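Participant: Sequence first, predicted coordinates after that:
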Amino acid sequence: MSKSRKCLLLLNVGTPDSPEKSDVRRYLTQFLNDKRVIDLPWLGRKILVNGIIIPFRVNTSVKIYSELWAKHGRILDTLTQRLTMKLQKHFEGDLAVKYAMRYGNPSMDKAFDEIKEEGYDELILFPLFPQYAMSTTQTCLEEAHRLIKKKGVKLRTEIVPSFFNDELFVEGIAKQAKTQFDIEAYDHILFSYHGLPNRHLRKAHKNIGYSSNTIEGCSCEKRLEGFKIGCYKAECYETSRLLAKELNISEKNYTVAFQSRLSKDWLKPFSDVTVTELAKQGAKKALVFTPSFTIDCLETLNEIGEEYAEEFYKAGGKQLDLVPCLNDSDEMVKLADSLLKNVVSE
């Protein structure tokens, strides 16, 4: 019997092809029109996104992406490609490794054309998001299944689950911090996660049978419920508790906050407000972790490393450092290897 041919497909959100206005507009149009990102009725979403958000945000986004490109290039794509190559070397001939972006290039559409043409027996989908959210994991998986059906791809499909509380994930981030920073030298630690609209959390609570559909009345930051698909907020706080334990950080010395909001009705506390408050309260040195990202990108390097750092300094802070994501590190490879062993058939 011939050996089964397997393919591992890494999935991430995406990035524009360049910081040129046309490329940024194209990317934002595809991204923000996704019903899993802005979950409004079709007409309301089209009016809001194409008539208000993009026209008012595109020039600002071009400026931000230009700053990112000047220092780091197309960093999300570069680091994901490096991780893909490193995993391919690690797995040798056991499976092929590819990567695709939910929005932009390399596209999922092209990836599934290649997968069909190359004739694999088994496909492992690996969303590179530690915590589950409808605007990241869910939309990537739904698009994958749509393309499988559309293109008539015949193979067995497995999914790498969320890994927010995986021991190797926590240890990997901790190692990134301990090898580069003296953690005890910082006045405060911030765990900053990508924000979500509160309505996403309300939907999640309803879907998992939570007794309260409100965000204000929930206790997700205090405990992790044992649901198959849980609450993003609860998973973020659980990751933070595990990291704090691994790094011996007391509860009073760290804060969990959420960044990248589009409105006030998003998960709180907000990271930008938090860094300002920390400085005003006397913190001179702050260390920031971004545990909802496995690959460094605009939101980590620019938003935290540049914008929030500047706000911290304006409010009296002296030093704000950013712990790198796992990226293409040996720790990320070990994590991927471990996660795959739990889902790949023999």
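Facilitator: Okay, I see it. Quick caveat: nothing in here was measured; it's all calculated off a predicted structure.
Participant: Backbone dihedrals for the nearest residue to residue 308 once chain neighbours are set aside, both of them.
Facilitator: Once flanking residues are discounted, residue 308 sits nearest to residue 275: 4.9 Å by Cβ to Cβ, 6 or more residues apart in numbering. Backbone N, C-alpha and C define where each C-beta goes, glycine included. Residue 275 adopts backbone torsions of phi -60, psi -40, taken as degrees, to the nearest 10.
Participant: which residues in the stretch 51-200 of the chain form strands?
Facilitator: 96-104, 122-127, 156-159, 188-194 (DSSP state E, counting those that start in this stretch).
Participant: Now do residue 84 against residue 125, distance only.
Facilitator: 14 Å (Cβ to Cβ, to the nearest Å).
Participant: Next: residue 245.
Facilitator: Distance of residue 245 to residue 125, given as Cβ to Cβ: 30 Å.
Participant: between the two, which one's more packed in?
Facilitator: residue 125 (21 against 11; other Cβ atoms under 10 Å).
Participant: give the contact list for residue 273.
Facilitator: By Cβ atoms under 8 Å, 6 or more residues apart in numbering, the residues touching residue 273 are residue 257.
Participant: Now do it against residue 279, distance only.
Facilitator: 11 Å.
Participant: so residue 295 touches residue 84, yeah?
Facilitator: No. Look at residue 295 against residue 84 with Cβ atoms under 8 Å: they stay out of range, at 11.0 Å.
Participant: Can you tell me the number of residues neighbouring residue 71?
Facilitator: Residue 71: 11 neighbours (other Cβ under 10 Å).
Participant: Provide the secondary structure category for the nearest residue to it once chain neighbours are set aside.
Facilitator: Distances taken as Cβ to Cβ, 6+ apart place residue 301 nearest to residue 71, at 7.5 Å, with adjacent residues excluded. When classified by DSSP: H, G, I helix; E, B strand; the rest coil, residue 301 comes out as helix.
Participant: For residue 301, which residues are in contact?
Facilitator: 68, 71, 72, 75, 322.
Participant: Tell me which residue is most central in the protein.
Facilitator: What sits nearest the mean C-alpha location of the chain, by Cα atoms, centre = their mean, is residue 293, with 3.8 Å.
Participant: quick one: average pLDDT of the biggest helix by length in the chain?
Facilitator: Counting by DSSP state H, the longest helix found in the chain is helix 54-72. For helix 54-72, mean pLDDT is 97.
Participant: Enumerate the positions of that helix that are buried.
Facilitator: For helix 54-72, the buried set under the neighbour-count rule, 16 or more other Cβ atoms under 10 Å, comprises 54, 57, 58, 61, 62, 64, 65, 67, 68, 69, 72.
Participant: Find the nearest non-adjacent residue to the first one, please.
Facilitator: Put plainly, it is residue 54. residue 28 (5.4 Å).
Participant: Surely that neighbour is in contact with residue 50?
Facilitator: No. Under the criterion of Cβ under 8 Å, residue 28 is not in contact with residue 50, lying 9.8 Å apart.
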